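Peer 1: only the shape, not the letters, is given here:
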């Protein structure tokens, strides 16, 4: 369909639903921020009547007028985390592992596990942003047709509350990055232990876990995408694994943007209460300092949101979006930091009070530029694509 | 003397003189910008009665109350280029080669050549910021006690109008950076040709030349510092050459800051004429957008100026200032860009009119972050010092 | 729905304009800037593309093609990628013609549109900006006072593009609390057109100052007649269009820097292999792309007749900030070579800062 | 003359404070933040350093040492390098005492200063900030109305540090066009002190809201007596001091990140060897240094009795912007580890954003 930036009735309906639920989540935001040891309930009482936000299949979809699934998912993520990042995580379907499943799983796998909340486990104590250093192993036991997983994972978002996890493990260390595959492990599988829960700057109600896998056996068909072959030539094999990022990166961007939008909306309201006039279409010179600053931040948000929708739209069209996914994540990663810091600075001392959520949004949003590949990693990916460089050319 | 940020009577007298001369230079600024093929006269008629700005020796110096030579030189540079960068260059003594001479020359050399305007020639067509790639050679002819120079230099600031040049040449290519030495070549020496004059974005009246040296013979004592030994062990030899940068970098920062201060002063005046109120001591929230932005830019200027004075003060105390020199240049390099761009944006369309000098200041200041080592090179130097890394550790 | 898909037709026109820009504009840009001249031959060549006339209704002699602000944004990005100054000269007639088509009375259309459908380059111009610091398009000082059936215009304008050859000026003025646009012929009594202004960038595009000393115009000069017109929308359109120009410019910088950085060696390898340079290029790419989507969004709002003041404001401000950033860092990537006039980045640097304060000179 | 030279005495005191910060503050910081508590033992320990009492004239029981705002800046940077929240608690008494010394009448000095020269930690506090968005210290809403010889204070304050233990508050209020400071005892009638506020950072430092409901105070409560005092200078001093705190904080971040980056490996080498990380560290260093010189300049202006509003404003705003930048990028250098509370960078990130909006809580 031709270039278009308007939402259909269905789009708006979904988002309206998401926002309403978001506002309910927001009621619990402070409580679970201050009680990080507790988990928010799966279903908030006031939200019991809502459809799960991400079940877009509940809405009849007309491809001639409605936004595609990746786009509406990103918009819904913005809407949910606008309510509250952490409490939102309790409303199934939105785990980062689910994005990976939908990007790289077979149709059967999607069907089988689509209903679970799936975490995504990549980082290990020694590896940080360097996936080629993955030490976690998956060994095929042909006798039992099982994969045997051993290793540790840290910084697993929603790791405690998830029903299962998609993790990266190597099936052949000598093959380097090409040996890395994604596997699905359900909670309750023997040998899979949640070892530790992190205390964090933000997103405190959304737990971050450390996992230990010890001779953990999973069915052979739990290999995401079912491609067992190790393509040592070229990086084709690893690219398959990386593909899981092509939706998670814009989704992470969207999650951050929802927080930033909450900060902007709160700040706009406070500024307007204080008599600040926001005027568009003129020069900055006639505006007050907070009005000019606010409009700049709002513009930054809008730019970041469009970059994210662009990456999602490409995914929906089945077009490659590796660069665009990194653009969206890199853009949002810095934008949300600047927006939340700026909102606090504009409002002054009230911005740092825990009587309001603004200070929490600053803390929550800060993860955006870190997880699923830091901003630095995203820029490396973009630069390589731009320059036609390999990983060896540009490190 | 203890920490102090006030100027003595002598300091103020020198700077007053420099500013008055600067204002005269400014009268000629537009003309020589638009007539880059012409040279401004050595002595502007209205300025004939001024002492040369940099002849601080004309002022009795009391080390208990007056700022030291490097500091007052930097302040004087700010004052002169506040008048006009390019026309200022016509008033002897200020060439970048002179800073090198004063940092690395013997006392006798300083005495002999101190009165000349000296350019500094480092860059070659193929080498950019990489001094170890210097192809220009100096071969000692023991028979005649002469150095024979061969090679090409580009981007030589004030190269056409200078009385001579300090150039980098290698006496031993196999020794890499350690083989590089600085030589002084006076204009008129056979074999030394000014080949080309660049057309530039800014500082158009300050010529930028390309030199060709063909069997150019200079006296043996024209080796700056007279140290003929090539220290292949360690980088001691090259450090001697690099030392010339320890004053040129803050001087380049100061030159850029003078331009930025001119832009700020012009903008302040126009803002005030237009009724913008600059108020200090309160929150930004009560200011107009241009007032808040202006004060931020002014603050950036002040921070950059102090970083520059700090590097100069260390030089005056005979303390190492390698990192601080790079800090001053890196800070000023970005600050002046932001300041001049911001001033134009604040003033709106009038800022881009050649009826005023603001647009010229934007063009003039842009060189600051490029010559004498780009901002990227400066950050590399700072990072290496900070991390205790060698050039091999951090490239 | 959210969609970023070009139609086949848009892809074709984009490719055609990309070729035109590369062949007919880029090679001219430097000399036109250095000599501050706008060659008639170029204007003739661009006129033959029919950018303006094809979208004018047939009844006034035009091609009658439906006008698509989105398609026009795609075209304008390509032209600006060639050269921003020449691009503005190329599409300046559209601003005037489109304003008439969108807001003019039947009489105004009949009087002015046929001239845009002829064989020779013909243009009007927008007189919006006013001299002095802190110009704000929402706080104009030029006024229109009613006199009899008509108006008396008083004030001063600057940065009026093509003031040397525009047949008419669309003078934006305050009219009793409202803002209106007045069609003023260049030979109007009391109107003085200045010498060509000298600017930082866009030197191939002549701009002029206007002095309006009690210029008396009849009622037919008020765009939209007795009802006036939506000047706000006209200016929003113009700001959105300027955003597109800045996107094209930024893309030109990026596309020049990428091969340069791969080719240029320092410390034994291409500078592109240094993270400091590679990250600058990545950031440029991020901003070129993001600026474009904001500009498309504003164009799409125009196309659908939606409110556009806010989205055009955002597109313009963002592109202004980011095109300056991109061009400034383009200079940095080239180092010393970025500062000399052998490379086009020097020119784009000046264009960027100039475009970023112009508030509007073209239309989609 | 321009000089950046520390005296020998300044070097000694700097080294002593650096040790104290490393040994007595840094190890406490995380737990004090997590538990939102300010240990009396620490206050006692810091009191023994005599930071406040030594500079109070002997006649009031103090050490009578000459006060040097520059030396105090050097001291405060070191304390804040230990922990900003504890540092503020440590020097909060000085703000009150110095205000009395500089601006108080003889009677006020006699009444209040001896308490600061005892063996036990004793403090007053500055009640400057007011609730609500867009607080501006130049546009206060708390007012003092004359009544008889005295005044009636009405309004509300927030972010009053140590409101739980301050014996008196220096309430800044508008007094008939002027601004004045009033010494209000904590048990004044009509004064309500809130529960401890909950803030983003500086959680070890309790802050409180004050409600002043027609608080009647006598003429002796007006700082400076009938002449009033230079409140502007008092606040400038406080902003300059806060700038110094932010310098110490930024330096702490940098000094933590440098060894971390050298130690942490990714892609087979320390992350510090990546230009992207190395340049961030270089930039942090640039800003820590530059912020410090601006703060020193303001301190020097204070010391010499020069005008300080502009230099203190610049020092405060610059340090506010840059300490946030440094702390934010400190988190980035540590990546995932920057986000968890095992490392102090997380704490410094929250401190930085908090300090950057406080406008003033300490003095030099």
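Peer 2: Everything's here; your move. Not measured: the values here are computed from a predicted model.
Peer 1: all strands of chain C, in order?
Peer 2: C:2-3, C:125-127, C:143-147, C:150-161, C:168-175, C:178-185, C:191-196, C:207-217, C:265-266, C:269-270 (DSSP state E).
Peer 1: same list, those, but as a markdown table with mean pLDDT please.
Peer 2: Formatted as a markdown table, these follow (pLDDT from 0 to 100):
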| stretch | mean pLDDT |
| --- | --- |
| strand C:2-3 | 96 |
| strand C:125-127 | 97 |
| strand C:143-147 | 96 |
| strand C:150-161 | 97 |
| strand C:168-175 | 97 |
| strand C:178-185 | 96 |
| strand C:191-196 | 97 |
| strand C:207-217 | 97 |
| strand C:265-266 | 88 |
| strand C:269-270 | 94 |
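Peer 1: rebuild those strands as CSV, extending it with distance to chain B.
Peer 2: All C-beta atoms are positioned from the backbone trio N, CA, C, and that covers glycine. Shown next, in CSV, are the strands of chain C (distance: least, C-beta to the nearest C-beta, whole Å):
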stretch, distance to chain B
strand C:2-3, 32
strand C:125-127, 13
strand C:143-147, 19
strand C:150-161, 5
strand C:168-175, 14
strand C:178-185, 18
strand C:191-196, 11
strand C:207-217, 9
strand C:265-266, 5
strand C:269-270, 9
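Peer 1: now do the helices in the chain.
Peer 2: Here I'm looking at chain A. Secondary structure of chain A, counting by DSSP state H: helices at A:9-27, A:29-34, A:69-83, A:85-88, A:96-104, A:107-113, A:236-273, A:289-316, A:322-347, A:358-365, A:375-387.
Peer 1: that's the wrong chain, I meant chain C
Peer 2: C:8-20, C:26-35, C:40-47, C:69-82, C:84-103, C:106-112, C:231-263, C:275-304, C:309-334, C:336-339, C:345-355.
Peer 1: ok so, going back, so which of the strands of chain C is the most packed in?
Peer 2: Greatest average neighbour count among these goes to strand C:125-127 (a mean of 29), per mean count of other C-beta atoms under 10 Å in any protein chain shown.
Peer 1: ok, and does that one reach over to chain A?
Peer 2: No: residues of strand C:125-127 are not located near chain A by C-beta under 8 Å from any C-beta of the partner chain, the shortest gap being 15.3 Å.
Peer 1: re earlier: rebuild the helices of chain A as a markdown table, extending it with mean pLDDT.
Peer 2: Output for those, formatted as a markdown table (pLDDT from 0 to 100):
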| stretch | mean pLDDT |
| --- | --- |
| helix A:9-27 | 92 |
| helix A:29-34 | 93 |
| helix A:69-83 | 93 |
| helix A:85-88 | 75 |
| helix A:96-104 | 84 |
| helix A:107-113 | 92 |
| helix A:236-273 | 85 |
| helix A:289-316 | 97 |
| helix A:322-347 | 97 |
| helix A:358-365 | 97 |
| helix A:375-387 | 97 |
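Peer 1: residues from the stretch 101-250 of chain A in reach of chain B?
Peer 2: Counting by C-beta under 8 Å from any C-beta, no residue of the stretch 101-250 of chain A sits close to chain B.
Peer 1: residue A:273 touches residue A:350, doesn't it?
Peer 2: No: checked against C-beta atoms under 8 Å, the pair residue A:273 and residue A:350 is beyond contact range at 11.2 Å.
Peer 1: the two: who's more crowded?
Peer 2: Set residue A:273 next to residue A:350 and count neighbours by other C-beta atoms under 10 Å in any protein chain shown: residue A:350 wins out with 22 against 11.
Peer 1: how near is that one to chain B?
Peer 2: 11 Å (C-beta to the nearest C-beta, to the nearest Å).
Peer 1: tell me the confidence at that residue?
Peer 2: We have a pLDDT of 95 for residue A:350.
Peer 1: domain assignment for the chain?
Peer 2: Assuming you mean chain A. When chain A is parsed with automatic domain parsing, its domains come out as A:9-91, A:96-235, A:245-387.
Peer 1: wait, chain C
Peer 2: C:8-117, C:125-227, C:231-356.
Peer 1: for the nearest residue in space to residue A:173 that is not next to it in sequence, give me its contacts.
Peer 2: Nearest-residue entry for residue A:173: residue A:179, 6.2 Å, with adjacent residues in sequence omitted and distances by C-beta to C-beta, 6 or more residues apart in numbering or on different chains. The contact partners of residue A:179, taken as C-beta atoms under 8 Å, 6 or more residues apart in numbering or on different chains, are A:170-173, A:230, A:237.
Peer 1: neighbour count added to those, as JSON lines?
Peer 2: Putting these into JSON lines (neighbours: other C-beta atoms under 10 Å in any protein chain shown) gives the following:
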{"residue": "A:170", "neighbour count": "24"}
{"residue": "A:171", "neighbour count": "20"}
{"residue": "A:172", "neighbour count": "16"}
{"residue": "A:173", "neighbour count": "11"}
{"residue": "A:230", "neighbour count": "17"}
{"residue": "A:237", "neighbour count": "23"}
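Peer 1: picking that back up, shared neighbours of residue A:273 and residue A:350, anything?
Peer 2: residue D:133.
Peer 1: so what's the residue nearest the centre of chain A closest to, chain neighbours aside?
Peer 2: Closest residue to the average C-alpha location of chain A: residue A:252 at 2.8 Å, with C-alpha atoms, centre = their mean. Leaving aside its chain neighbours, residue A:252 sits nearest to residue A:372 (4.8 Å; criterion: C-beta to C-beta, 6+ apart).
Peer 1: please compute how far stretch C:339-349 lies from its chain's middle.
Peer 2: Offset of stretch C:339-349 from its chain centre (C-alpha atoms, centre = their mean, to the nearest Å): 21 Å.
Peer 1: for that stretch, buried residues please.
Peer 2: C:339-341, C:343-349 (16 or more other C-beta atoms under 10 Å in any protein chain shown).
Peer 1: check the residues you listed one by one and keep those near chain B.
Peer 2: Among the buried residues of stretch C:339-349, chain B is touched by C:339-341, C:346, C:349 when using C-beta under 8 Å from any C-beta.
Peer 1: which pair of those residues spans the longest distance?
Peer 2: The most widely separated members of these, counting by C-beta to C-beta, are C:340 and C:349 (11.6 Å).
Peer 1: as a quick check, tell me the outermost residue of the chain.
Peer 2: Answering for chain A, as no chain was given. Going by C-alpha atoms, centre = their mean, the residue of chain A most distant from its centre is residue A:286, 39.0 Å out.
Peer 1: try chain C instead
Peer 2: Distance from the C-alpha centroid of chain C peaks at residue C:268, with 43.1 Å (C-alpha atoms, centre = their mean).
Peer 1: average pLDDT for stretch C:286-296?
Peer 2: 98.
Peer 1: quick check, residue C:126 in contact with residue C:172.
Peer 2: Yes: using C-beta under 8 Å, residue C:126 is in contact with residue C:172, at 7.4 Å.
Peer 1: and for residue A:175, the neighbour number?
Peer 2: Residue A:175 has 15 neighbours, counted by other C-beta under 10 Å.
Peer 1: test my guess that it contacts residue A:230.
Peer 2: Yes: if you go by C-beta under 8 Å, residue A:175 and residue A:230 touch, sitting 4.9 Å apart.
Peer 1: for chain D, what are the nearby residues on the stretch 251-395 of chain A?
Peer 2: Neighbours of chain D within the stretch 251-395 of chain A, by C-beta under 8 Å from any C-beta: A:270-271, A:273-274, A:276, A:290, A:337, A:341, A:344-355, A:359, A:362-363, A:366-367, A:369-371, A:374-376, A:379-380, A:395.
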